[in-house]
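# For reference, the sequence and a predicted model appear below.
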Amino acid sequence: MDFIPKETYDIQDLIGIVKKLRAPDGCPWDKVQTHETIRKDFLEEVYEAVEAIDEQDPEHLREELGDVLLQVVFHSVLETEQGRFTFEDVVDEVSRKMIVRHPHVFGEVSADTTEQVLKNWDTIKMQTHSQQTVGEAMEGVSRALPSLMRCAKLQKKAKRGGVVFDDREQIFAETATMLQKMKASSGQDEELMQQLTGNLLFSIVKLSYLSGVDAEQSLYNTCDRFIQQFKAYERLAAEAGIDIQDPDRSVTDQLWKQVSDSEN
């Protein structure tokens, strides 16, 4: 397959480039890749695209969306080589899905609010996936999602099945009880601690959902704040001539408290 440089490239050119990379005379690295070997690369590219969205950086986003698209094309080419499906099949299927799941746009169904659209979407999704129960719909939530995000999705689906977590006082009481059990079990029963930790996080997501807060985004923001706090701690240590790699714990604890108090 001869490669001819162009002024601008389209999606068919990208498919051709990937096929060229996979050809016998192509790239030694690309030729040996499989779905499994580049799985983590797909995840990394998606997260980098999300980061570009958070940064509100159009140029960065354009680049990262290209990297995500490359992953989609690469996986599609792997399947084309096996004779199972093509990139065009992927485009056709997702186009059909969008038409089916938007009957208020492409059909006769009425949906004037966001809530009606989402309700219709969930119902149609269950039908197209042959899901008869809410429990089956829960099993359809990807296990590869970050656990806080998966937890929120499961709780949202549970609400459709009549299980509603809306008693704040009860959830606060559950949280306090689990914290007490964790304190009592600390260092004794690792399996129990793992279970209690999961239950505690599940309850916190309940509270976040009730407050209209995205637990995943909240933790994301807190991680960013923690980095900034730690950098401030490092600056204080450097100004005081303290080696934090080999510290006096009482001194570093005091420095950290100083930084933490300034944030509150």
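That came in fine, so what should we check first?
# Once you drop chain neighbours, what's closest to residue 165?
Nearest non-adjacent residue to residue 165, counting by C-beta to C-beta, 6 or more residues apart in numbering: residue 206, 4.4 Å away. (Each C-beta comes from the backbone N, C-alpha and C, glycine too.)
# Check the spacing between the one you found and residue 154 real quick.
11 Å (C-beta to C-beta, to the nearest Å).
# more neighbours, the two?
residue 206 (22 against 16; other C-beta atoms under 10 Å).
# my read: the more buried one touches residue 164, true?
No: in this structure, residue 206 is not within contact of residue 164 by C-beta atoms under 8 Å, at 10.1 Å.
# Might one say that residue 209 is in contact with residue 151?
No: taking C-beta under 8 Å as the definition, residue 209 is not a contact partner of residue 151, at 9.0 Å.
# Pull up the overlap in contacts between these two.
By the contact definition C-beta atoms under 8 Å, 6 or more residues apart in numbering, residue 209 and residue 151 are jointly contacted by residue 215.
# domain assignment for this structure?
Listed domain ranges for the chain are 11-99, 217-263 (source: automatic domain parsing).
# Can you name the residues that contact residue 203?
171, 174, 175, 178 are the contacts of residue 203 under C-beta under 8 Å, 6+ apart.
# how about TSV for those, with neighbour count, secondary structure and distance to residue 35 added?
Formatted as TSV, these follow (neighbours: other C-beta atoms under 10 Å; DSSP: H, G, I helix; E, B strand; the rest coil; distance: C-beta to C-beta, whole Å):
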residue	neighbour count	secondary structure	distance to residue 35
171	18	helix	41
174	18	helix	41
175	17	helix	40
178	20	helix	39
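# Pipe those residues into a markdown table and attach pLDDT and distance to residue 13 per row.
As requested, the contacts of residue 203 are exported to a markdown table (pLDDT from 0 to 100; distance: C-beta to C-beta, whole Å):
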| residue | pLDDT | distance to residue 13 |
| --- | --- | --- |
| 171 | 93 | 54 |
| 174 | 92 | 56 |
| 175 | 93 | 55 |
| 178 | 89 | 55 |
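# From those, pick the one nearest residue 24.
residue 178 (58.7 Å; C-beta to C-beta).
# What distance do you get for that closest one to residue 199?
In terms of C-beta to C-beta, residue 178 sits 5 Å off from residue 199.
# just residue 96 next, same as before
41 Å.
# Which of the residues in the helix or strand of the chain with the lowest mean pLDDT are classified as buried?
Of all helical and strand segments in the chain, the minimum by mean pLDDT, DSSP states H and E falls on helix 114-128, at a mean of 76. For helix 114-128, burial by neighbour count (16 or more other C-beta atoms under 10 Å) applies to 117, 120, 122, 124, 126.
# what's the answer for stretch 191-207, then?
196, 199, 200, 201, 202, 203, 204, 205, 206, 207.
# Please enumerate the helices of the stretch 51-200 of the chain.
58-81, 87-100, 103-106, 114-128, 134-139, 147-160, 168-185, 190-210 (DSSP state H, counting those that start in this stretch).
# which stretch among the ones you listed comes nearest residue 12?
Per C-beta to C-beta, nearest to residue 12 of the helices of the stretch 51-200 of the chain: helix 87-100, 9.1 Å.
# How about residues contacting the closest one?
Contacts for helix 87-100 (C-beta under 8 Å, 6+ apart): 11, 15, 72, 73, 76, 77, 80, 106, 124, 128.
# which regions of the stretch 101-250 of the chain lie under the pLDDT threshold?
Scanning the stretch 101-250 of the chain with the threshold set as pLDDT under 70 gives 247.
# Backbone torsions only: list them for residue 108.
phi -110, psi 0 (degrees, to the nearest 10).
# can you count the residues close to it?
Residue 108 has 6 nearby residues by other C-beta under 10 Å.
# same thing with residue 73?
Residue 73: 20 neighbours (other C-beta under 10 Å).
# List the contacts of it.
Residue 73 neighbours (C-beta under 8 Å, 6+ apart): 11, 14, 15, 18, 87.
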